[in-house]
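would you be able to build a 3D model of this:
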Amino acid sequence: MKTVQTVLFVFLMAGASWWDIRKRIFPDHYVLLLILAALISFDQWKLTGILAAIPFFLTALWIGGIGGGDIKFVAVSGLVLGFGRTFVGVYADEGITGTSTKKRDDFKRLIRDCMAGRIDLIITKLISRFARNTLDCLMYVRKLKEIGVAVYFEKENLNTMDENSEMVLTILSSLAQEESRSISTNVHWGIAKRYEKGEVRVNTNRFLGFTRNEQHDLIPDNEEAITVRRIFRYYYEGNSVGVIKKRMEEEGFETGAGKKQWWASVIDRILDNEKYMGDALLQKTYTVDFLTKKRVKNTGQLNQYYVTDCVDALIPKKIYFKVQEMKAEKKTLGDRSSKQQNQVKGRRKSKYVLSDILVCAECGHYYRRVPWTNRQGEKRYVWRCINRLEHGTEYCKNSPTIDEKKIQREIMQTLGNLSADCSEEEEMLKAKLLDRRAIFYEAYDDDELEHIVEALNERYEYYQKMLSEPAADRKDVARRMRIIEGEIRDITEARQQIAVYRDYRQRSGSFVKNDEVKKRYRDFDDVLVRRLVKRVEVVNQDKCNVVLNSGHTIGVSMEMNT
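Coordinates of the predicted model:
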């Protein structure tokens with residue numbers, strides 16, 4: 001036994017690691033013998049480099065070796081090496097930065113256990129394993145020292161209970177912090193150089209719609225791409241972000257993080273992401289502090305680089321830019337005076353298309369839909385200027401009350417009577433012959449839609465086979481199959497309508513409306529109105545101006561008073 005202790009002592013003095021001793025000197029069946037030899041009479045020794053190495057050696061046996069990038073701690077009650085001492089456990093935050101304690105859950109658990117009196121000695125290999133932030137390192141060491149908990153750093157041979165330990169600890173922890181700063185600077189330099197070359201770096205961990213193949217190339221995730229297309233389609237049809245959120249939850253779609261609950265801010269970021277149309281804006285954000293890892297929006301502090309057609313597009317550029325135009329218009333409407341903001345807020349949440357376009361020419365405020373009951377008790381809906389409705393005639397004297405059916409009829413008649421050479425003619429015909437889905441998918445190439453359907457069919461067959469497996473989550477698989485089946489059906493029906501529309505264009509040779517098409521303008525169509533009409537300005541009781549998205553303004557004479 002003394003021979004074993006002597007060999008152990010010699011290797012300690014030579015600076016050999018305990019794992020080397022374990023691997024090179026002692027076979028597996030001598031491990032227990034070595035542990036027993038190390039424990040004999042160690043309770044009589046003082047806390048030195050020899051004594052402190054033992055628990056780290058024991059931990060190395062349990063966790064598979066010393067070293068690596070993990071931040072590891074060994075916590076012991078008492079000195080662990082003497083008789084009557086108890087080993088508490090290993091505290092490890094794998095792959096987590098040491099410059100901040102924010103995400104180091106096991107480190108925080110270690111401190112809580114120390115405060116609870118379960119630990120009076122912490123042994124770690126390096127100061128950098130404890131903390132790479134000088135302030136955090138000193139703060140926690142002082143806090144632990146106040147309650148009688150020692151921290152021993154093996155490589156530096158430093159015990160925080162020694163009188164001169166804090167000065168040495170300050171210097172060494174500052175060096176560890178500067179090492180982190182140097183690494184961070186080098187990483188940022190490398191990233192900036194890749195950006196200059198146009199190399200696109202994308203984290204696909206929660207990036208909805210994309211994944212990586214075996215060669216680590218960025219490729220579309222055909223199943224998640226359904227979610228992206230659905231969000232853009234709903235917004236393109238005129239739905240607000242709040243309405244889209246509700247529909248995505250009702251239809252069972254999941255976020256990029258796999259959550260069933262959606263947030264309006266998440267949908268808004270998806271609509272803004274240029275990568276969905278195949279481009280990439282690099283260096284949108286940057287890190288302001290290597291210690292906290294806080295990232296902020298780049299508003300000109302660093303160069304930005306725009307790379308076109310660098311990833312496979314999920315959304316046609318035509319659709320993407322139209323969505324951005326719609327978002328910009330809504331944002332402009334939100335930048336009004338405080339009196340107008342309340343009614344704009346209500347307007348954006350409304351499901352009625354007239355709430356988006358009906359404007360008072362006198363004061364510039366929007367109209368609101370309100371119920372109206374005449375003397376005979378008959379109830380109907382009318383539209384009134386919000387400014388006059390809430391503040392009286394002092395702010396808006398002459399705005400008329402508009403009957404809903406009358407204004408709807410006049411708008412449709414105006415669209416139906418447009419001359420054949422109007423630039424809106426093709427859009428009008430398209431809106432009447434195609435439904436909402438077909439209008440969206442008409443922006444895609446035929447080959448692209450064919451490829452999407454083929455990929456979704458393969459995915460559908462995969463889930464069909466999965467249903468036969470005993471361990472399959474049948475409810476989740478059925479949900480996924482339902483979404484895929486719905487997307488295939490939507491695209492197939494849209495392609496059929498698009499084929500009819502293109503055939504009609506080819507046969508007619510022009511877009512002059514026939515009687516059949518004219519009949520379709522009799523009923524109010526909110527999809528058509530959203531696509532063609534920018535706003536309707538109510539001038540007075542006898543006149544309003546219909547402003548089209550093309551810039552044309554059409555005067556309409558009518559009696560609006562009720």
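
next, count neighbours for Tyr234.
Neighbourhood size, Tyr234 [other Cβ atoms under 10 Å]: 20. Where you see a C-beta, it was placed from the backbone N, CA and C, and this is true even at glycine.

and it, which helix or strand is it part of?
Tyr234 is located in helix 222-236, with elements delineated by DSSP states H and E.

over to Gln413?
Assigned by DSSP H and E, Gln413 belongs to helix 404-416.

identify each buried residue in that helix, please.
404, 407-408, 410-412, 414-416 (16 or more other Cβ atoms under 10 Å).

by contact count, what packs against that helix?
helix 354-357, strand 379-385, helix 526-532, strand 533-538, strand 543-548, strand 553-557 (3 or more Cβ pairs under 8 Å, 6 or more residues apart in numbering; DSSP states H and E).

can I get those in CSV including distance to Ala116?
Converted to CSV, these look like this (distance: least, Cβ to Cβ, whole Å):
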stretch, distance to Ala116
helix 354-357, 59
strand 379-385, 66
helix 526-532, 62
strand 533-538, 66
strand 543-548, 70
strand 553-557, 75
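
circling back: next helix or strand past the helix holding Tyr234?
Heading C-terminal from helix 222-236 (DSSP H and E), you reach helix 241-250.

helices or strands up against that following helix?
Applying 3+ Cβ pairs under 8 Å, 6+ apart, we find helix 241-250 packed against helix 222-236, helix 264-272.

now the helix holding Gln413, how far from the centre of its chain.
42 Å (Cα atoms, centre = their mean, to the nearest Å).

now do that helix against strand 553-557, angle only.
Angle of helix 404-416 versus strand 553-557, following axes from the mean of the first three to the mean of the last three Cα atoms, to 10 degrees, is 130 degrees.

ok and helix 404-416 relative to strand 379-385, angle-wise?
70 degrees.

ok so, going back, closest to Glu196 out of the buried residues of helix 404-416?
Nearest to Glu196 among the buried residues of helix 404-416, counting by Cβ to Cβ, is Leu415 at 50.7 Å.

about what we covered before: a markdown table please, covering the buried residues of helix 404-416 and showing pLDDT and distance to Ala176.
Formatted as a markdown table, those follow (pLDDT from 0 to 100; distance: Cβ to Cβ, whole Å):
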| residue | pLDDT | distance to Ala176 |
| --- | --- | --- |
| Glu404 | 90 | 71 |
| Ile407 | 89 | 72 |
| Gln408 | 88 | 71 |
| Glu410 | 87 | 75 |
| Ile411 | 87 | 70 |
| Met412 | 86 | 73 |
| Thr414 | 82 | 73 |
| Leu415 | 79 | 71 |
| Gly416 | 74 | 76 |
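
using JSON lines, lay out those together with distance to Ile498.
Shown next, in JSON lines, are the buried residues of helix 404-416 (distance: Cβ to Cβ, whole Å):
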{"residue": "Glu404", "distance to Ile498": "33"}
{"residue": "Ile407", "distance to Ile498": "32"}
{"residue": "Gln408", "distance to Ile498": "28"}
{"residue": "Glu410", "distance to Ile498": "31"}
{"residue": "Ile411", "distance to Ile498": "26"}
{"residue": "Met412", "distance to Ile498": "24"}
{"residue": "Thr414", "distance to Ile498": "27"}
{"residue": "Leu415", "distance to Ile498": "22"}
{"residue": "Gly416", "distance to Ile498": "23"}
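
per-residue confidence for Val76?
Per-residue pLDDT puts Val76 at 46.

pick the most buried one from the helices and strands packed on helix 241-250.
Across the helices and strands packed on helix 241-250, averaging neighbours per residue (mean count of other Cβ atoms under 10 Å) puts helix 222-236 on top, at a mean of 22.

what helices and strands are in contact with that helix?
Using 3+ Cβ pairs under 8 Å, 6+ apart: helix 222-236 touches helix 241-250, helix 264-272, helix 317-334, helix 436-441, helix 446-466, helix 474-508.
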